[in-house]
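Participant: Here is my input, please return the structure:
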Amino acid sequence: MPVPASPPGQGRSGDKQRGLLLREGALADGRSVDVRVLDGYVSEVAPAGTLSAQSDEEPLDLRGVMVLPGLVEPHAHLDKAFTAADVPNETHDLAGAITAWLANRSRFSQEQIVNRARAAALHYLAHGVTAVRSHTDVGEGVGTRSVEALLAVRDELADLIDLQVVALAGLPLSGQEGANNRAYLRASLELGADVVGGAAYLDEDPKASLDIFADIASEFRRPLDLHVDETTDAGHFTLPDLVDLAWSGFAQPITASHCVSLGSQSPEVQSAVAEGAASAGVSVVTLPLTNLYLQARGTMPAPRGLTALRPLLQAGVTVAAGGDNLRDPFNPMGRADPLETASLLITAGHLEPAEAFWAVTEAARTALRLGPGRVEVGAAADLVAIPGTTVAEVIADAHPARLVVKAGRVVARTSTSTEIEDTPEAKVMGRSWSY
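Facilitator: Numbers count the residues shown, from 1 in each chain. Purely as a prediction, here's the structure:
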């Protein structure tokens, strides 16, 4: 049954919800605190043991648990989720994935897309994700069916998770051959899609395609989030054109997803483009899980298929990170858990744990134009509690026991119990986590 959205501080029934008192949890900065949540926001943060539960509050003991900002998935494809077995990618690369998907996407009904997208969104929610941006196919062969499905899921789950729907335009977009795809893109925005998306770099005329994307985004006053240079080939490099668009007076927010070929440029070019993107306010979303799987197959030595993370961060660019595809032709793996993404940013992208965690929380919220999500007074109470003592430990363990708070209400609880027999450490290893 569809679930109507509720304003902060209210549950599904519209009645005022109980407050929360999160006791003795650890923050990312090492402090042990009590956190009071009231009317959908963090109302108090005090030293552990100093706040008492009021009659209308649910107290939760979080000793041994970190209280962290809700995780964010800034780039997903919920309309494709869980189709890897039905749509095999024979070559395991990007071209093979595109070919397989385009040949099969028309056979999925709207109901099938709704069911898979809902399941994927709830997977994310259980892992502590409170906001998702999903790129969703529109164009020849699928029309607006997938967008309609995602809009239905967005409305159904509105009080559990923030879902932004990107209308991912089919190609070609430019010229007479692109007329139908342009019409489908406009129709999707009229239906209520939140963001304009596509892959101008793959069009026969990338600059013309980029101009069309910009014109339509301006017409509908929607943000622009484009797949950009999803290749390790340095010769495919359209990110500077997107930066130029931002400087030209384009008034809507711009996000550049992937930007893989930036990692293949010279250090001088990387720095210059990164500085331009920072000055223009262009956000970048890196997608290590899928790009490490798809890119540089058969290339020796094999590049890592990641964007230029360090130059972008040094320039001050908002660098968010996402999981991209979830068990579909583009990536047969994925756990719908941003901590998996954060781990890859550390091991393959050489970021520090704090930087990696920022990319899947605050930076992702910035890219999606959401308000601050920190554990501080006045911030929205979109939170996740995970066993651990440091951010590095939380990322490494990715413990499945999680408590998820959305707009001040507990929306998901995952509890665990492990028993290991006949070992001296059985009592330690066998701790149960229950919220």
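Participant: Quick check: G49 touching D34?
Facilitator: Yes - between G49 and D34 there is a contact at 6.9 Å, judged by C-beta atoms under 8 Å. C-betas here are computed from N, CA, C, even on glycine.
Participant: Compare the two (neighbour count), which wins?
Facilitator: The neighbour count for G49 versus D34, taken as other C-beta atoms under 10 Å, is higher for D34 (22 against 11).
Participant: And for S432, the neighbour number?
Facilitator: When neighbours are counted by other C-beta under 10 Å, S432 registers 10.
Participant: List phi and psi for the nearest residue to it once chain neighbours are set aside.
Facilitator: Using C-beta to C-beta, 6 or more residues apart in numbering and skipping residues adjacent in sequence, the residue nearest S432 is S417, 4.1 Å away. S417 adopts backbone torsions of phi -150, psi 130, taken as degrees, to the nearest 10.
Participant: next one: S55
Facilitator: Per-residue torsions, S55: phi -60, psi -30 (degrees, to the nearest 10).
Participant: how close does it sit to A359?
Facilitator: Separation of S55 from A359 (C-beta to C-beta, to the nearest Å) stands at 40 Å.
Participant: The two - which one has more neighbours?
Facilitator: Between S55 and A359, A359 has the larger neighbour count (other C-beta under 10 Å), namely 30 against 6.
Participant: Can you name the residues bridging to the nearest residue to that one once chain neighbours are set aside?
Facilitator: Residue nearest to A359 in three dimensions, not counting chain neighbours: A321, with 3.9 Å by C-beta to C-beta, 6+ apart. Taking DSSP bridges, one finds T286 as the beta-bridge partners of A321.
Participant: number of nearby residues for A321?
Facilitator: 35.
Participant: Can you show me the strands along the stretch 301-435 of the chain?
Facilitator: Applying DSSP state E, counting those that start in this stretch to the stretch 301-435 of the chain gives strands spanning 319-321, 383-387, 402-406, 409-414, 416-417, 432-433.
Participant: Please list all residues in contact with A381.
Facilitator: By C-beta atoms under 8 Å, 6 or more residues apart in numbering, the contact list for A381 reads L20, V37, G40, Y41, V42, V405, K406, A407, G408.
Participant: How about L368?
Facilitator: V72, P74, A131, R133, D162, Q164, A320.
Participant: Assign a three-state SS to the closest residue to the fifth one other than its chain neighbours, would you?
Facilitator: What that stands for is D162. Leaving aside its chain neighbours, D162 sits nearest to A131 (4.0 Å; criterion: C-beta to C-beta, 6+ apart). Secondary structure for A131, judged by DSSP: H, G, I helix; E, B strand; the rest coil, is strand.
Participant: again with G25
Facilitator: G25 ends up strand, using three-state DSSP.
Participant: wait, doesn't it sit right on V65?
Facilitator: Yes - taking C-beta under 8 Å as the definition, G25 is a contact partner of V65 at 5.4 Å.
Participant: Overlap of the contact sets of those two?
Facilitator: Counting by C-beta under 8 Å, 6+ apart, the shared contacts of G25 and V65 are A385.
Participant: what's around H350, how many residues?
Facilitator: 13.
Participant: repeat for Q17
Facilitator: The number of residues packed near Q17 is 23, by other C-beta under 10 Å.
Participant: where in this structure is pLDDT low?
Facilitator: Residues of the chain meeting the criterion pLDDT under 70: 1-16, 422-431.
Participant: about what we covered before: how much space separates the residue nearest to A359 from D205?
Facilitator: Distance, A321 to D205, using C-beta to C-beta: 31 Å.
Participant: what about the spatially most central residue of the chain, which helix or strand?
Facilitator: The centre of the chain sits closest to E73, judged by C-alpha atoms, centre = their mean, with a distance of 1.5 Å. In this assignment (DSSP states H and E), E73 forms part of strand 71-76.
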